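>>> starting from these lines, generate the structure:
(2 chains)
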Number of protein chains: 2
Amino acid sequence: MSKLVIVGTVAFDAIETPFGKTDKILGGAATYIGLSAANFNVDQAAVSVVGGDFPQEYLDLLTDRNVNIEGIEIVKDGKTFFWSGKYHNDMNSRDTLATELNVLEHFNPVVPENYRDAEIVMLGNLHPLVQQGVLDQMTKKPKLAILDTMNFWMDIALDDLISVIKNVDVITINDEEARQLTGEYSLVVAARKIHEMGPKYVVIKKGEHGALLFHDDHMFYAPALPLEEVFDPTGAGDTFAGGFAGYLASTGDISFENMKNAVIYGSTLASFCVEKFGTERMVTLKKEEVNTRLLEFKKLTQFDIELT
Amino acid sequence: MSKLVIVGTVAFDAIETPFGKTDKILGGAATYIGLSAANFNVDQAAVSVVGGDFPQEYLDLLTDRNVNIEGIEIVKDGKTFFWSGKYHNDMNSRDTLATELNVLEHFNPVVPENYRDAEIVMLGNLHPLVQQGVLDQMTKKPKLAILDTMNFWMDIALDDLISVIKNVDVITINDEEARQLTGEYSLVVAARKIHEMGPKYVVIKKGEHGALLFHDDHMFYAPALPLEEVFDPTGAGDTFAGGFAGYLASTGDISFENMKNAVIYGSTLASFCVEKFGTERMVTLKKEEVNTRLLEFKKLTQFDIELT
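Numbers count the residues shown, from 1 in each chain, chains lettered A, B, ... in the order given. All right, here's what the predicted structure looks like:
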């Protein structure tokens, strides 16, 4: 069992989809990553910050799923980061209705002493300087540092982002963001350019179209499970990353072959995340359900052609 | 070796992409389907119509690839169907610049006597009444009738289209067209609705995102090979259909398991088609190249997870 350090937001989300809307519910990248990684045998700690308005029950929920919360700072007189968004009918695009940084604005991440030697570090979507700050606190070089980011940081902190990208082994990024970062339309070419920026492994997330894993000249493709209904896509990308990191941490095997399995696990867990609002589905998820769906992924993708 | 009857256009295309433009070159659904199916051991005949302006060398090219052309009517004083289109920078959308139906306007397909007992019928994109006309000429019910269509026929001949869809076993259709035909956004739900319209098997083509095969509650997903460069997408969908039909005809096995292989072959052949303008790549394609790329598809998609 490896140690896994996660940094990311722990937040309130208010979500509107064609199926309904929520009040402020539990959200945030570190939350989704942690709940997803919790499906594996890992010793994980979340590094984040919340305000005095953050309910103890949400912290307990993370603790119950074996997410160590020592590294989640509570700013008593501050307010928790809040995001609100509304999805369009096709669920593939959304408008941000509100972003209140609150306690996130002056966030200085502190990795708990006991996790500074973690083998795997998952840098969830946050300011690249915060991501770098976590890397800097590690007392030994992690076996694998994984970074997730988004277009927002390319727009406002590109130089910092490029600096931290240099220092990680794996990047997970959306297709459109990969294109923005490299100026290349072809994802194969974009992945190669990102590879040249530092990361030995590049994971390009394509939402309902699955995810691509690149390493040197090797490619692997994990589809998203075609679903009758996507109820709420919020957190799917983070859940993917959490499954990816959690599986690698639990197996301790960071070979390309095993990373294929990690993206399949990521895709599998993300397929649950979108079935209900927010984290609702992830907190009730059972091991047998995950295993059943993994078999569906096998059926969906495996074939046996004899060359003629 | 099964017999395969193909109906579709044999045409002149003029194509403009960000990489260049062509004069009138060989094109048409039946052309691409036939050239693709020619990679398998099949006895195939194309049913179509051309004008007196159609070069003998193009007909010879089809004959050389073992496409029987008895069923390609030559209207001496008519002009060949002409299509011209311009692709946008992302290669995923295009504008039609010209469509001249010419001899296609009064096309009455005639299936050669010797092919009226063919086991597999591939109804390429054409007016649904022409597609039905081919089915009606078969002296025994084909083992498998496959229909490809497009949104154009949904717009102008929906009732005829729905009638012929009732009579086929497999439909191949784009994602957007599946949505248009059913009014459903989810491809899983759309496939079920199309299934209820008749076809036992539904193949939804998603372009650069691959293809989905549906049968009852079974799903299979074939990715498109991620490419450095898509040079010209023209004919990719027809090449996919030709590979699908050709493989099934050559194996004579129309089980769902074998259809998985058929969509992988379709996807493999389509990945070649887009590498050069028009049919250029398909006419030089060698068996070893196909086999090499099939292995790439295996590497791209196959994984080996042990459930824990």
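>>> can we go C-alpha only for contacts and neighbour counts from here?
Noted.
>>> centre of the chain versus stretch A:206-226, how much separation?
Put simply, stretch A:206-226 sits 15 Å off its chain's centre (Cα atoms, centre = their mean, to the nearest Å).
>>> err, stretch A:73-92, not the other one
Relative to its chain's centre, stretch A:73-92 lies at 16 Å (Cα atoms, centre = their mean).
>>> now stretch A:140-151
On Cα atoms, centre = their mean, the centre of stretch A:140-151 falls 11 Å from that of its chain.
>>> rounded mean pLDDT for it, please.
The average pLDDT within stretch A:140-151 is 96.
>>> could you count how many residues lie near A:Glu100?
14 (other Cα atoms under 10 Å in any protein chain shown).
>>> do you know how far the closest residue to it other than its chain neighbours is from chain B?
Nearest residue to A:Glu100 in three dimensions, chain neighbours excluded: A:Phe82, at 5.0 Å (Cα to Cα, 6 or more residues apart in numbering or on different chains). The gap separating A:Phe82 from chain B is 30 Å, by Cα to the nearest Cα, to the nearest Å.
>>> neighbours around A:Phe82, how many?
Neighbour count of A:Phe82, defined by other Cα under 10 Å: 23.
>>> quickly list what it is bridged to.
Listed beta-bridge partners, A:Phe82: A:Phe12, A:Glu100 (assigned using DSSP bridges).
>>> residue contacts, it?
The contact partners of A:Phe82, by Cα atoms under 8 Å, 6 or more residues apart in numbering or on different chains, come to A:11-14, A:98-102.
>>> tally of neighbours for A:Lys140?
Neighbouring residues of A:Lys140 were enumerated by other Cα under 10 Å; the total is 12.
>>> whoops, A:Leu101 was the one
When neighbours are counted by other Cα under 10 Å, A:Leu101 registers 15.
>>> now do the SS call for A:Ala270.
Look at A:Ala270: counting by DSSP: H, G, I helix; E, B strand; the rest coil, its state is helix.
>>> distance of it from A:Asn261?
Separation of A:Ala270 from A:Asn261 (Cα to Cα, to the nearest Å): 14 Å.
>>> what about the strands in the stretch 1-150 of chain A?
With DSSP state E, counting those that start in this stretch as the criterion, the stretch 1-150 of chain A has strands at A:3-7, A:11-17, A:20-21, A:25-27, A:43-51, A:67-68, A:72-75, A:82-87, A:94-100, A:120-123, A:144-148.
>>> I'd like the ones you listed as CSV, with distance to B:Tyr221 appended.
Formatted as CSV, these follow (distance: least, Cα to Cα, whole Å):
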stretch, distance to B:Tyr221
strand A:3-7, 33
strand A:11-17, 27
strand A:20-21, 31
strand A:25-27, 31
strand A:43-51, 34
strand A:67-68, 35
strand A:72-75, 41
strand A:82-87, 26
strand A:94-100, 27
strand A:120-123, 30
strand A:144-148, 27
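>>> related to what we said a few turns ago, compare A:Ala270 and A:Asn261 (neighbour count), which wins?
Regarding A:Ala270 and A:Asn261, a neighbour count based on other Cα under 10 Å identifies A:Ala270 as having more, with 28 against 21.
>>> I'd like the distance between the more buried one and B:Ile305.
From A:Ala270 to B:Ile305 the distance is 17 Å (Cα to Cα).
>>> and the two most separated of the contacts of A:Phe82?
For the contacts of A:Phe82, the farthest-apart pair by Cα to Cα is A:Ala14 and A:Asn102; their separation is 15.5 Å.
>>> more neighbours, these two?
Using other Cα under 10 Å, the more surrounded residue of A:Ala14 and A:Asn102 is A:Ala14, with 21 against 16.
>>> that one contacts A:Tyr87, doesn't it?
No: counting by Cα atoms under 8 Å, A:Ala14 stays clear of A:Tyr87, with 11.3 Å between them.
>>> the closest residue to A:Ser48 other than its chain neighbours: what's it in contact with?
The shortest distance from A:Ser48 to any non-neighbouring residue, by Cα to Cα, 6+ apart, is to A:Ile72 (4.5 Å). A:Ile72 makes contacts with A:46-50, as judged by Cα under 8 Å, 6+ apart.
>>> returning to what we had before: of the contacts of A:Phe82, which is the nearest to A:Ala178?
Set against A:Ala178, the nearest of these by Cα to Cα is A:Thr99 (23.5 Å).
>>> would you confirm that that closest one contacts A:Ala14?
No: the criterion here is Cα under 8 Å, and A:Thr99 misses it with A:Ala14 at 10.4 Å.
>>> mutual contacts of the two, please.
Contact criterion Cα under 8 Å, 6+ apart; residues shared by A:Thr99 and A:Ala14: A:82-84.
>>> restrict stretch A:50-62 to CA atoms and write it as PDB.
Output of stretch A:50-62 as PDB, limited to C-alpha atoms (Å, rounded to 0.1, in the frame of the first residue of the first chain):
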ATOM      1  CA  VAL A  50     -12.100  25.300   3.900                       C
ATOM      2  CA  GLY A  51     -13.900  28.000   5.800                       C
ATOM      3  CA  GLY A  52     -15.600  27.900   9.200                       C
ATOM      4  CA  ASP A  53     -18.900  27.400   7.300                       C
ATOM      5  CA  PHE A  54     -17.800  24.000   6.100                       C
ATOM      6  CA  PRO A  55     -19.900  21.300   7.800                       C
ATOM      7  CA  GLN A  56     -18.200  18.700  10.100                       C
ATOM      8  CA  GLU A  57     -20.300  16.000   8.400                       C
ATOM      9  CA  TYR A  58     -18.500  16.600   5.100                       C
ATOM     10  CA  LEU A  59     -15.200  16.200   6.800                       C
ATOM     11  CA  ASP A  60     -16.400  13.100   8.500                       C
ATOM     12  CA  LEU A  61     -17.600  11.800   5.100                       C
ATOM     13  CA  LEU A  62     -14.000  12.100   3.800                       C
END
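>>> quick one: distance of it to the chain centre.
The chain centroid and the centroid of stretch A:50-62 are separated by 20 Å under Cα atoms, centre = their mean.
>>> which residue does the stretch 101-250 of chain A have closest to chain B?
Proximity of the stretch 101-250 of chain A to chain B (Cα to the nearest Cα) peaks at A:Phe220, 4.3 Å away.
>>> pull up the residues of the stretch 51-200 of chain A that are close to chain B.
Listed as neighbours of chain B in the stretch 51-200 of chain A under the rule Cα under 8 Å from any Cα of the partner chain: A:90, A:185-189.
>>> the residue nearest to A:Ile33 when sequence neighbours are not counted and A:Met259, how far apart?
Spatial nearest neighbour of A:Ile33, chain neighbours left out: A:Gly242 (3.9 Å); criterion: Cα to Cα, 6+ apart. Separation of A:Gly242 from A:Met259 (Cα to Cα) stands at 13 Å.
>>> got it, and A:Arg179?
Distance of A:Arg179 to A:Met259, computed by Cα to Cα: 23 Å.
>>> and for A:Asp175?
Going from A:Asp175 to A:Met259 by Cα to Cα gives 19 Å.
>>> and if you look at A:Thr63?
Using Cα to Cα, A:Thr63 is found at 27 Å from A:Met259.
>>> show me which of those two is the more surrounded one.
Shown here are A:Thr63 and A:Met259; by other Cα under 10 Å, A:Met259 has more neighbours (20 against 15).
>>> alright, I will stop here.
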